[in-house]
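S.K.: just need the structure, nothing else, for what follows:
(2 chains, ligands or ions: 1)
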Amino acid sequence: MTKDTLILGIETSCDETAVAIVKNGTEIISNVVASQIESHKRFGGVVPEIASRHHVEQITHVLEEAFKGSQVTWDEIDAIAVTEGPGLVGALLVGVNSAKALAFAKQKPLVGVHHIAGHIYANRLEKEFQFPLLALIVSGGHTELVLMREHGSYELIGETRDDAAGEAYDKVARMLNLPYPGGPHIDRLAEIGEETIDFPRAWLEDGSYDFSFSGLKSAVINKIHNAKQRGETLKNEDIAASFQASVVEVLTAKTLRAAKEYNVSQVIVAGGVAANKGLRKELKAAFGKTDIPLLIPNMKLCTDNAAMIAAAGTIAFEAGRRSGMDLNANASLLLK
Amino acid sequence: MNILAIDTSNQVLGVSLLKDDQIIGEIMTNLSKNHSVRLMPAIERLMGEVSLKPEELDKIVVAKGPGSYTGVRIGISTAKTMAWALNIPVVGVSSLEVLAYQGRFFNDYICPFFDARRGLVFTGLYKWKNNQLLNVLDENNLLMDDVLKKLEKEQKKVLFLSPDISVYKEAIHQSLGELAVIPEGPYHVPQAGHLGLAGMAKEVTSTHELTPNYLRLAEAEANWLKEQKDKENHG
Ligand SMILES: [Zn+2]
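M.R.: Reported below is the predicted structural model:
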């Protein structure tokens, strides 16, 4: 029997301070997330400076919590994995410097992890990967299609050219005076509303797997303004339903087309927007007609957490990748 | 007693190792370079040079600001996580206090400060008495003009210490004349050895509770608080 690999993961790229311990990249030993959402709500969005301040206050609490119920000792930990980017630089810095301090104090290897690789590997905590696989990552900061032919190899085949899907959700939610974060509220309204407005779908040029949501966002703004000027009233539910239909249709269609073109064995959905009911439903319907298995992790693993960073870090660690004590936060790190 | 002192709160990167009250090694640069990239390699190198293993450390002292928010967080994240991992105490010391150590043999007021842009400074007043450093005016984020006006009234000698001394040298001389004491360059650079010394005398706080000494609310928070107040007054 080979020895288990235990990785401690740290994630602080946005507004969650998270630490987790993961065994063999597939089994969660502990997964602690301190969310700052209540603090940022009053500002209607994540304020980077406030996020960084909270991370410094929380980091050792969360570390301690991760070890508490785990029965894992430091001797058993093989390496420290930490999100090095992308994300908010000030927020990332807290995690990166804490991870380096741990790696030095406990003389453990250090592995920097790409946040998106983490989101993808969240799925491996529920089901083993089958390659080639296609991952759709949708969150407040990302809208990407990534092809993986083997562990640790990432080919970006499509990305947003402007706003991330989650960003568009937040902006539309703000126009509808919905509280932050707006995504779940739009999803809720969309469920009861009807698609009465024909918002544009940004297919971009033929064959492109890229996305664009700023045009859609502007169309929603214009529609609301024009209706107001004409004294018409639009139902928020219908705006939400129509907006969501546009986002979901493009995401689903491009994912399906890419899955077929690259003849993948698995499709994975990751990121906070993966929790969106409308998106889940459409994707399930579309892939239900194919024989390609679709994986969407449970809510807790969709949103930012450190188990996913430890899971992705396990692969990097096993491949011999190491970061030095000069590891830095990189707000615009590329997925390679 | 092996003490590691870390200062990344301003431009200076300072790492010092003390055995009781003796400095056994120190690394210091006064350059505008990335603290996040350079701090851990500096600690690792220095510990290697003096042949100390991490688990041989007994205490960590860190400069907790005021200063660059990011720089302060790099130092505090490193210090508190390392202290937590090694299960040793950690102490935060005001970055202004560290500077005031350069005036150890000055008998009147010491005014250490860091430039906080737009005429503002992070400052406080200190005084050495019976071998102890006393804080005689709370640290705050103030207009340098106001600080100087206040000091003018006192009609006492004041020692100014700051890496940003050049920004306010003229204003200080104009306002205080002969009463202002401004030493040469090296005195304006905080020393990590002094930080370690200052930390030795301080009460240890809980590792979890150690947070930066920002002296200023985040802008978004200040605006939000103002909004709430306005609402209260008008609603
Ligand atoms: Zn994320």
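
S.K.: helices or strands next to the longest helix seen in chain A in the packing?
M.R.: Using DSSP state H to assign secondary structure, the helix with the most residues in chain A is helix A:236-261. With contacts taken as 3 or more CB pairs under 8 Å, 6 or more residues apart in numbering or on different chains; DSSP states H and E, helix A:236-261 sits against strand A:133-138, strand A:143-148, strand A:155-159, helix A:165-175, helix A:183-192, helix A:214-229, helix A:277-288. Glycine gets a C-beta too; all of them are placed from N, C-alpha and C.

S.K.: ranking those by burial, who's on top?
M.R.: Sort those by mean neighbour count, taking mean count of other CB atoms under 10 Å in any protein chain shown, and strand A:133-138 sits at the top with a mean of 27.

S.K.: which residues touch the top strand by length along chain B?
M.R.: Taking DSSP state E as the criterion, chain B has its longest strand at strand B:132-143. Contacts with strand B:132-143, where a contact means CB atoms under 8 Å, 6 or more residues apart in numbering or on different chains, come from B:66, B:94, B:96-97, B:100-101, B:109, B:116, B:119-128, B:198, B:213, B:215-216.

S.K.: on that earlier part again, how far does the longest helix of chain A sit from its chain's centre?
M.R.: On the basis of CA atoms, centre = their mean, to the nearest Å, helix A:236-261 sits 18 Å off its chain's mean C-alpha point.

S.K.: just want the angle from it to strand A:155-159.
M.R.: Counting by axes from the mean of the first three to the mean of the last three CA atoms, to 10 degrees, helix A:236-261 lies at 150 degrees to strand A:155-159.

S.K.: pull the contacting residues for the closest residue to residue B:115 other than its chain neighbours.
M.R.: If the residues on either side of it in the chain are set aside, residue B:115 comes closest to residue B:164, at 3.7 Å by CB to CB, 6 or more residues apart in numbering or on different chains. Contacts for residue B:164 were tallied using CB under 8 Å, 6+ apart; they are B:113-115, B:121.

S.K.: per-domain residue ranges of the chain.
M.R.: This is for chain A. A:6-121+A:302-318, A:131-296 (automatic domain parsing).

S.K.: let's do chain B instead
M.R.: Split by automatic domain parsing, chain B gives B:2-94+B:190-224, B:96-188.

S.K.: could you say which of these is packed most deeply?
M.R.: Greatest burial across those, using mean count of other CB under 10 Å, falls to domain B:2-94+B:190-224, with a mean of 21.

S.K.: chain center to that one: distance?
M.R.: For domain B:2-94+B:190-224, the distance to the chain centre is 10 Å (CA atoms, centre = their mean).

S.K.: report the mean confidence score over that domain.
M.R.: For domain B:2-94+B:190-224, mean pLDDT is 96.

S.K.: just stretch A:131-145 next, same as before
M.R.: 94.

S.K.: does the lengthiest helix in chain B come close to chain A?
M.R.: The longest helix of chain B (DSSP H) is helix B:69-86. Yes. Counting by CB under 8 Å from any CB of the partner chain, chain A has neighbours in helix B:69-86: B:69-70, B:73-74, B:76-82, B:84-86.

S.K.: show me what that helix is packed up against.
M.R.: helix A:48-68, helix A:89-105, strand B:2-7, helix B:35-49, strand B:59-63, strand B:90-93.

S.K.: pipe those into a markdown table and attach distance to the ion per row.
M.R.: Formatted as a markdown table, the helices and strands packed on helix B:69-86 follow (distance: least, CB to the ion, whole Å):
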| stretch | distance to the ion |
| --- | --- |
| helix A:48-68 | 13 |
| helix A:89-105 | 12 |
| strand B:2-7 | 31 |
| helix B:35-49 | 21 |
| strand B:59-63 | 30 |
| strand B:90-93 | 31 |
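
S.K.: would you list these in a markdown table and tack on distance to residue A:112?
M.R.: Shown next, in a markdown table, are these (distance: least, CB to CB, whole Å):
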| stretch | distance to residue A:112 |
| --- | --- |
| helix A:48-68 | 17 |
| helix A:89-105 | 8 |
| strand B:2-7 | 22 |
| helix B:35-49 | 12 |
| strand B:59-63 | 24 |
| strand B:90-93 | 25 |
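
S.K.: out of these, flag the one nearest residue A:163.
M.R.: If you check each of these against residue A:163 by CB to CB, helix A:48-68 wins as the nearest, at 17.8 Å.

S.K.: that closest one - contacts with which helices or strands?
M.R.: strand A:16-23, strand A:27-35, helix A:37-41, helix A:89-105, helix B:69-86, helix B:219-234.

S.K.: so which residues on chain B come close to chain A?
M.R.: Counting by CB under 8 Å from any CB, chain B sits next to chain A at B:34, B:36-41, B:43-44, B:54-55, B:69-70, B:73-74, B:76-82, B:84-86, B:207-208, B:211-212, B:214, B:218-221, B:224.

S.K.: which ones are touching the most centrally placed residue in chain B?
M.R.: Among the residues of chain B, the one closest to the centroid is residue B:95, at 0.5 Å (CA atoms, centre = their mean). Applying CB under 8 Å, 6+ apart to residue B:95 gives the contacts B:7, B:9-10, B:63-67, B:72, B:114, B:190, B:213.

S.K.: next: residue B:171.
M.R.: B:144-145, B:148.

S.K.: can you redo these as TSV with pLDDT?
M.R.: What follows is the contacts of residue B:171, written out as TSV (pLDDT from 0 to 100):
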residue	pLDDT
B:144	97
B:145	97
B:148	97
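
S.K.: just the closest of the residues you listed to the ion, please.
M.R.: The closest of the contacts of residue B:171 to the ion turns out to be residue B:144 (CB to the ion; 42.7 Å).

S.K.: distance of that closest one relative to chain A?
M.R.: 24 Å (CB to the nearest CB, to the nearest Å).

S.K.: so that residue touches residue B:113, yeah?
M.R.: Yes. Contact criterion CB atoms under 8 Å: residue B:144 and residue B:113 qualify, at 7.5 Å.

S.K.: any shared contact partners between those two?
M.R.: B:121, B:123, B:168.

S.K.: closest one to residue A:216 out of the residues you listed, please.
M.R.: For these, the nearest to residue A:216 is residue B:121 (47.8 Å; CB to CB).

S.K.: quick check: beta-bridge partners of the closest residue to residue A:159 other than its chain neighbours?
M.R.: Of all residues not flanking residue A:159 in the chain, residue A:144 sits nearest, at 4.7 Å (CB to CB, 6+ apart). With beta bridges defined as DSSP bridges, residue A:144 has these partners: residue A:137, residue A:159.

S.K.: OK, contacts around residue A:144?
M.R.: Here residue A:144 is in contact with A:116, A:135-137, A:156, A:158-160, A:335 (CB under 8 Å, 6+ apart).

S.K.: go on, residue A:279?
M.R.: A:138, A:247-248, A:251-252, A:269, A:273.

S.K.: residue A:179 touches residue A:42, doesn't it?
M.R.: No. When contacts are counted by CB under 8 Å, residue A:179 is not listed as touching residue A:42 (10.2 Å).

S.K.: circling back to that earlier point, report the two of the contacts of residue B:95 separated the most.
M.R.: B:190 and B:213 (13.9 Å).

S.K.: one step back: wait, which of the helices and strands packed on helix B:69-86 is closest to residue A:171?
M.R.: Comparing these under CB to CB, the one sitting nearest is helix A:48-68, at 17.8 Å.

S.K.: quick one: that closest one to strand A:16-23, angle?
M.R.: 30 degrees.

S.K.: got the CA positions of helix A:48-68 in PDB?
M.R.: Taking Å, rounded to 0.1, in the frame of the first residue of the first chain, the C-alpha atoms of helix A:48-68 are listed here in PDB:
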ATOM      1  CA  PRO A  48     -10.600  44.800  -1.800                       C
ATOM      2  CA  GLU A  49      -9.100  46.700   1.200                       C
ATOM      3  CA  ILE A  50     -11.800  45.500   3.600                       C
ATOM      4  CA  ALA A  51     -11.400  41.900   2.200                       C
ATOM      5  CA  SER A  52      -7.600  42.100   2.900                       C
ATOM      6  CA  ARG A  53      -8.200  43.400   6.400                       C
ATOM      7  CA  HIS A  54     -10.600  40.500   7.200                       C
ATOM      8  CA  HIS A  55      -8.200  37.900   5.900                       C
ATOM      9  CA  VAL A  56      -5.400  39.000   8.300                       C
ATOM     10  CA  GLU A  57      -7.900  38.900  11.200                       C
ATOM     11  CA  GLN A  58      -9.200  35.500  10.300                       C
ATOM     12  CA  ILE A  59      -6.200  33.500   9.000                       C
ATOM     13  CA  THR A  60      -4.900  31.800  12.200                       C
ATOM     14  CA  HIS A  61      -8.500  31.200  13.500                       C
ATOM     15  CA  VAL A  62      -9.300  29.300  10.300                       C
ATOM     16  CA  LEU A  63      -6.000  27.400  10.300                       C
ATOM     17  CA  GLU A  64      -6.700  26.300  13.900                       C
ATOM     18  CA  GLU A  65     -10.300  25.300  13.000                       C
ATOM     19  CA  ALA A  66      -9.000  23.200  10.100                       C
ATOM     20  CA  PHE A  67      -6.800  21.100  12.400                       C
ATOM     21  CA  LYS A  68      -9.300  20.900  15.300                       C
END
